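In: Here is a sequence with its predicted model. Questions after.
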Amino acid sequence: MKVTFESVSNAETEVIIKGEIGSPDVESLLEFIKSRNAGVTKKLVLYIEDEQFLVDPSEVVYVEVADNKVRAVTKDGSFESKKKLYELKEMLSNESFAQINKGTLVNIDFVKSVSAEFSGNYTLRLKTGKETLTISRKYFKEFKNKI
């Protein structure tokens, strides 16, 4: 494998891979580059009606599905997302988010306390003090691993 480096000041980093598509070297380079960029979710595009907002993932308290719409709740308000919950979960997997039930992702940085219920589920209280969320038994292990 031949590696060439060209220094250019004040330019965006650019990677050009020349080689046979599907070769082990090319595949491993692509995987390495993808893994380096995968953990970076810069901003989420969220909506209030037709207006778009760029929101930092760390500002999102939780994301939930309600009435077939995905809603992201921040300290400042509620926004709608055009992405599906599983897409947001994948985007936020390297952030401080954990799925706590079938329709909710929570930012664990906003969790104040967790208490057990008789049903085997757990109640999660948020630092914002406004709401409580339910952690189902199925998702508790994932939540516990994130904290």
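Out: Arrived safely, thanks for sending.
In: Tell me where the chain is predicted with low confidence.
Out: Residue ranges of the chain with pLDDT under 70: 10-11, 34-41.
In: at 90 instead, please
Out: For the chain, the stretches flagged by pLDDT under 90 are 1-44, 50, 75-76, 90-96, 117-121, 128-131, 141-147.
In: ok, now how distant is the spatially most central residue of the chain from residue 45?
Out: Closest to where the C-alpha atoms of the chain average out (Cα atoms, centre = their mean) is residue 92, at 1.1 Å. For residue 92, the distance to residue 45 equals 13 Å [Cβ to Cβ, to the nearest Å]. Backbone N, C-alpha and C define where each C-beta goes, glycine included.
In: what's near enough to touch residue 79?
Out: 46, 47, 48, 53, 55, 71, 72, 73 (Cβ atoms under 8 Å, 6 or more residues apart in numbering).
In: again, only this time at 7 Å
Out: By Cβ atoms under 7 Å, 6 or more residues apart in numbering, residue 79 lies in contact with 46, 47, 48, 53, 55, 72.
In: you'd agree it is in a helix?
Out: No: read with DSSP: H, G, I helix; E, B strand; the rest coil, residue 79 is strand and lies in no helix.
In: Dig out what it forms beta bridges with.
Out: Going by DSSP bridges, residue 79 is paired in beta bridges with residue 72.
In: Give me the packing partners of the helix or strand where residue 144 lies, helices and strands only.
Out: Using DSSP states H and E, the secondary-structure element containing residue 144 is helix 137-146. Using 3 or more Cβ pairs under 7 Å, 6 or more residues apart in numbering; DSSP states H and E as the contact test, the elements touching helix 137-146 are strand 97-101.
In: Now with 10 Å, please.
Out: strand 97-101, strand 104-107, strand 111-116, strand 122-126, strand 132-135 (3 or more Cβ pairs under 10 Å, 6 or more residues apart in numbering; DSSP states H and E).
In: what's next to that helix, contact-wise?
Out: Under the criterion Cβ atoms under 10 Å, 6 or more residues apart in numbering, residues 93, 95-102, 104-108, 111, 114, 116-117, 119-122, 124, 135-136 lie in contact with helix 137-146.
In: what's near enough to touch residue 29?
Out: 1, 15, 17, 19, 23.
In: Now with 6 Å, please.
Out: Neighbouring residues of residue 29 by Cβ atoms under 6 Å, 6 or more residues apart in numbering: residue 17.
In: No further questions, thank you.
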